[in-house]
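Chemist: Dropping a prediction and its sequence here:
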Amino acid sequence: MTRHITILPGDGIGPEVTKEARRLLEEVAQTLGETWTLEEALIGGAAYDQTGHPLPPETIAKCKASDAVLLGAVGGPKWDHLPGDVRPEAGLLGIRKQLGVFANLRPIRTWPGLLLASPLKPELLDGVDMVIVRELTGGLYFGEPKQRLDGGNAVVDTLHYTRHEIERVVRQAFEIAQNRRKKVTSVDKANVLESSRMWREIVQETAAAFPDVTVEPILVDSAAMQLIQRPNQFDVVVTENMFGDILSDEAAVLTGSIGMLPSASLGSGGPGLYEPVHGSAPDIAGQGIANPLAGFLSVAMLLRHSLGLEAAATAIEDAVLATIEAGHRTRDLAGHDSEPVGTEEMSALVRHEV
Ligand code: ATP
Ligand code: MG
């Protein structure tokens, strides 16, 4: 089978981690006996430097014509002075918009062996394994009107959702839960927000089509507490844009290491966009010490959600686990008693296990 994957290396450590992710993809294709085309395209500061635009039309075209897109990271101090519409971050927002990816997935799990890096007590972290599904293209961040009123003495932001926008992301969450522990926690503020009351109704309607999945609606303030007090109760958490923004960063801290967090952004039918949660890390770029594992775990998500290769995805996750359990650490990971390994060495160790 031929698969087309576009790789967007971007800036900072982006090219360093996508280079290793590319090696991983090549080896997976080889193992499966398939020919995959892995094409690179420009985005972010690198694209601006070469073309004057952070998201050139060729990049958009290549991404749209592929089965999945893997992104490194964009941005850095070199481009911070640029006007908003040509800054690297505009390239990232642009590609999300172009691909129509409305559901942002962030798996949060703890890795035995890395628990020391978390601010929470190890006993609280046992068995933490959840996916937060955040609505990405609607709600308070996009609703109109959004402006100053009354000569600057009042202000309005608008939390707007259509039924369709809520239904598609909620359905996505139920589908993911079906392949996991079959539990959906829907986070809202239905005691005060009309939008949350409609959200809750739609969750209940959708639940009828997934009789094997249990659903639990909870209020966002309670969810924020529960994430710290009893994080292992969650399987799939689905919520609107702003709540998801806040809760996914809160949950990210549980794992203790940004270098281990992957993400996926999915739309309906078109290619998914996969990227590490971390940024371009300009402070360590070019030193060969970046942790490539958030990129590897993003590749696992790509195989699972865009290519339907569940076994290959699990094999990568198991290889990451085995490598961590064997005691290998990049510099960002706590608990190394010996010299930490670099980007290429960590990559080779994990690929050897796949
Ligand atoms: P952004 O604005 O894009 O989020 P940032 O600088 O705020 O960028 P990151 O780029 O994620 O955030 O970096 C935060 C810290 O984590 C930095 O000290 C960086 O070196 C470190 N870091 C991020 N990713 C990795 C990685 N893959 N390996 C090692 N350290 C990392
Ligand atoms: Mg930042």
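Modeler: Sure, I can see it. Ligands and ions are numbered 1, 2, ... in the order given.
Chemist: what residues does the stretch 251-354 of the chain put near ligand 1?
Modeler: With Cβ under 6 Å from any ligand atom as the criterion, the stretch 251-354 of the chain meets ligand 1 at residues 258-259, 278-281, 283-284, 290-291, 294, 332. Placement of C-beta: from N, CA and C, glycine included.
Chemist: Considering those, which possesses the most neighbours?
Modeler: Highest neighbour count within these, by other Cβ atoms under 10 Å: Ala290, with 31 neighbours.
Chemist: In terms of pLDDT, where does the closest residue to that residue other than its chain neighbours sit?
Modeler: Closest residue in space to Ala290, ignoring its immediate chain neighbours: Ile13 at 4.0 Å, by Cβ to Cβ, 6 or more residues apart in numbering. Looking at Ile13, its pLDDT reads 98.
Chemist: what's near enough to touch the residue of the stretch 151-300 of the chain found nearest ligand 1?
Modeler: Residue of the stretch 151-300 of the chain nearest ligand 1, by Cβ to the nearest ligand atom: Gly279 (2.1 Å). The contact partners of Gly279, by Cβ atoms under 8 Å, 6 or more residues apart in numbering, come to 12, 73, 75.
Chemist: Give me the neighbour count for the residue nearest to Ala290.
Modeler: Neighbour count of Ile13, defined by other Cβ under 10 Å: 31.
Chemist: From ligand 1, how far off is it?
Modeler: For Ile13, the distance to ligand 1 (Cβ to the nearest ligand atom, to the nearest Å) stands at 6 Å.
Chemist: Please tell me how far that residue sits from Thr51.
Modeler: 22 Å (Cβ to Cβ, to the nearest Å).
Chemist: again, but for Glu135
Modeler: For Glu135, the distance to Thr51 (Cβ to Cβ) stands at 32 Å.
Chemist: So the two - more neighbours on which side?
Modeler: Glu135 (27 against 14).
Chemist: where does that one fall, phi/psi-wise?
Modeler: Backbone torsions for Glu135, taken as degrees, to the nearest 10, come to phi -70, psi 130.
Chemist: got the contact list for it?
Modeler: For Glu135, the contacting residues are 102-104, 161, 165-166, 169, 239-241, 244, by Cβ under 8 Å, 6+ apart.
Chemist: Go through those and say which is closest to Ser338.
Modeler: Distance to Ser338, by Cβ to Cβ, is smallest for Asn104 among the contacts of Glu135, at 36.9 Å.
Chemist: What residues of the lowest-mean-pLDDT helix or strand in the chain count as buried?
Modeler: Least confident helix or strand of the chain, by mean pLDDT, DSSP states H and E, is helix 122-125 with a mean of 88. For helix 122-125, a neighbour-count test (16 or more other Cβ atoms under 10 Å) marks 124-125 as buried.
Chemist: so the closest residue to Glu167 other than its chain neighbours is in which element?
Modeler: With Cβ to Cβ, 6+ apart as the criterion, Glu167 has its nearest non-adjacent residue at 5.7 Å, and that residue is Ile202. Using DSSP states H and E, Ile202 maps to helix 194-207.
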